[in-house]
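In: what follows is a predicted structure for the sequence shown.
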Amino acid sequence: FLLSINKGGRPFHRPGIILTFLSSPRISCKSPALGHHKFLSSYPSPLTCAMRTLPLVCLWASLTAVAAFCHLPDGVRPINGVNVARSALSLWSGTGPAFCERCGHTMIRRVPPGDEKERSCCTDDACGFVSYQNPKVIVGCICTWENKILLCQRAIAPCEGKWGFPQGFMELGETTREGAARETREEAGAAFDPADATLLAVYNLAGQQVQLVYTAPLRSGTLAAGIESQAVGLFEWAEIPWPELAFPTVGWALEYMRDEYLGGGVRPEEPRVASSLGVQQRTKRMDPDGNWRVEEG
């Protein structure tokens with residue numbers, strides 16, 4: 001730029017100082033009178049400030065993301081009020097949400113008044129929201145049509161491409177039998193009367209899920225793969241792709257029905273009535289190292 005000086009009533013123009021803002025850590029100037037560069041300041045330029053700050057911003061964002069999404073079942077290390085996991089392989093959450101779903105403030109682990117266990121509690125006393133983390137309820141049904149079993153090939157993770165009977169999480173406002181019928185309709189386009197469903201098995205994935213498996217006859221053999229299924233079909237017992245089943249609980253329920261309810265899959269003239277059987281009960285527990293063990297009952 002040029003400096004404009006009013007000298008003796010006449011405007012006097014003289015080349016002034018030319019500032020250079022580059023990626024240099026200092027501000028330089030050049031004056032025609034001096035004929036050379038001279039450093040006037042050691043303050044960093046705005047571009048240099050941004051370049052120096054960006055890695056710190058990225059590091060802060062990464063730590064925040066890790067703190068918000070990791071889980072820690074066997075011990076905690078707080079970072080800004082959020083518990084960070086020592087093991088990413090844990091299937092249960094010992095932390096709960098990082099932020100309050102009502103007011104947006106951060107959550108901390110503490111024992112709320114009138115309780116005996118640690119819960120995720122809002123840090124805003126005016127809000128006082130407590131988030132209770134509870135096991136989910138899974139409902140499913142082994143559906144039959146003309147002595148064949150309905151199976152769906154999964155189109156979603158986990159176990160995409162594997163086979164199983166229709167099952168999924170319960171929705172609000174429905175009974176377990178209604179939930180099993182809804183899952184069957186959504187995944188296989190098939191229908192059964194919830195009143196005809198008989199409880200076949202109860203499986204506990206300790207601390208995570210309770211699975212209720214029913215059996216029921218279909219109203220018809222009409223099928224249509226839903227958005228969560230790659231394919232659906234009716235299988236003879238000998239046709240079931242046992243090595244390609246999605247989850248251990250799927251195999252447990254199918255084997256129990258084959259061996260106990262249908263007498264080994266030989267299709268007897270009069271299959272045993274499901275209500276005359278005891279309900280199979282099994283529990284899967286995971287130790288801190290991520291290893292499962294199965295218990296009867």
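Out: Alright, I've got the coordinates. Residues are numbered from 1 along each chain as shown.

In: show me where the stretch 1-150 of the chain dips below the pLDDT cut-off.
Out: Counting by pLDDT under 70, the ranges of the stretch 1-150 of the chain that qualify are 1-95.

In: do you know how far V130 is from W242?
Out: For V130, the distance to W242 under the criterion C-beta to C-beta, to the nearest Å works out to 45 Å. Any C-beta I mention is one placed from the backbone N, CA and C, and that applies to glycine too.

In: the more surrounded of those two?
Out: When neighbours are counted by other C-beta atoms under 10 Å, V130 and W242 differ, and V130 comes out ahead with 17 against 12.

In: the more buried one is in contact with T123, isn't it?
Out: No - V130 is beyond contact range of T123, at 11.9 Å (criterion: C-beta atoms under 8 Å).

In: now do the helices in the stretch 151-297 of the chain.
Out: In chain order, the stretch 151-297 of the chain shows helices spanning 176-188, 248-256, with DSSP state H, counting those that start in this stretch as the criterion.

In: so can I have a markdown table of these showing mean pLDDT?
Out: Written out in a markdown table, the entries for the helices of the stretch 151-297 of the chain read as follows (pLDDT from 0 to 100):
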| stretch | mean pLDDT |
| --- | --- |
| helix 176-188 | 98 |
| helix 248-256 | 95 |
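
In: out of those helices, indicate the one that is most buried.
Out: With neighbours defined as mean count of other C-beta atoms under 10 Å, these peak in mean count at helix 176-188, which reaches a mean of 22.

In: show me what that helix is in contact with.
Out: Residues outside helix 176-188 that contact it (C-beta atoms under 8 Å, 6 or more residues apart in numbering) are 137, 139-141, 143, 150, 152, 166-168, 170-171, 174, 190-195, 197, 212, 214, 216, 223-229, 232.

In: which of those count as buried?
Out: Among the contacts of helix 176-188, those scoring as buried are 139-141, 143, 150, 152, 166-168, 170, 190, 192, 194, 197, 212, 214, 216, 223, 225-226, 228-229, 232 (criterion: 16 or more other C-beta atoms under 10 Å).

In: among the helices of the stretch 151-297 of the chain, which comes closest to W237?
Out: With C-beta to C-beta as the criterion, W237 lies closest to helix 248-256 of the helices of the stretch 151-297 of the chain, at 8.6 Å.

In: ends of stretch 153-169, how far apart?
Out: In stretch 153-169, first residue to last residue: 17 Å (C-alpha to C-alpha, to the nearest Å).

In: same thing with stretch 124-141?
Out: Between the start and the finish of stretch 124-141 there is a gap of 44 Å, counting by C-alpha to C-alpha.

In: kindly report the same for stretch 153-170.
Out: In stretch 153-170, first residue to last residue: 20 Å (C-alpha to C-alpha).

In: likewise stretch 167-187?
Out: From the first residue to the last, stretch 167-187 extends over 8 Å; the measure is C-alpha to C-alpha.

In: in terms of pLDDT, where does the closest residue to A231 other than its chain neighbours sit?
Out: The shortest distance from A231 to any residue other than its chain neighbours is 4.4 Å, reached at Q153 (C-beta to C-beta, 6 or more residues apart in numbering). Here, the pLDDT recorded for Q153 equals 98.
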